[in-house]
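Participant: Following is a predicted model, sequence given first.
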Amino acid sequence: MPKGHWETIYINSHPSHLGSATFKTYDSEKGTDVYSSPIVDASKGLLRTSKGRMSRSKGDENESFKENY
């Protein structure tokens, strides 16, 4: 597979190894350090489909977009 044409999806699995890591970032609004996880919810919006996750979609994967039509 060419670079950037693959992905890894974990469904209903316990975060482990790099997926369980957290990263320290700075919240400029609160003025404090925050820890965030690289794991995101991919059940909604552009992340819902592989085309959306890989930036190859029309952008209409969002549920609210479909409700307007």
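Facilitator: Thanks, I have it.

Participant: can you list contacts of the helix or strand hosting Asp33?
Facilitator: Asp33 is part of strand 32-36 when elements are defined by DSSP states H and E. Here strand 32-36 makes contact (C-beta atoms under 8 Å, 6 or more residues apart in numbering) with Thr22, Phe23, Lys24, Thr25, Tyr26, Asp27. Every C-beta, even on glycine, is put in place using the N, C-alpha and C of the backbone.

Participant: The helix or strand hosting the fifth one pairs with which strands?
Facilitator: When secondary structure is defined using DSSP H and E, the element that contains Tyr26 is strand 23-27. Using DSSP bridges, the neighbouring strands of strand 23-27 in the sheet come out as strand 32-36 (antiparallel).

Participant: Could you pull out the buried residues of the strand it pairs with?
Facilitator: Using 16 or more other C-beta atoms under 10 Å as the test for burial, strand 32-36 gives no buried residues.

Participant: For that strand, what does the pLDDT average out to?
Facilitator: Averaging pLDDT along strand 32-36 yields 91.

Participant: for stretch 41-53, same thing?
Facilitator: Averaging pLDDT along stretch 41-53 yields 77.
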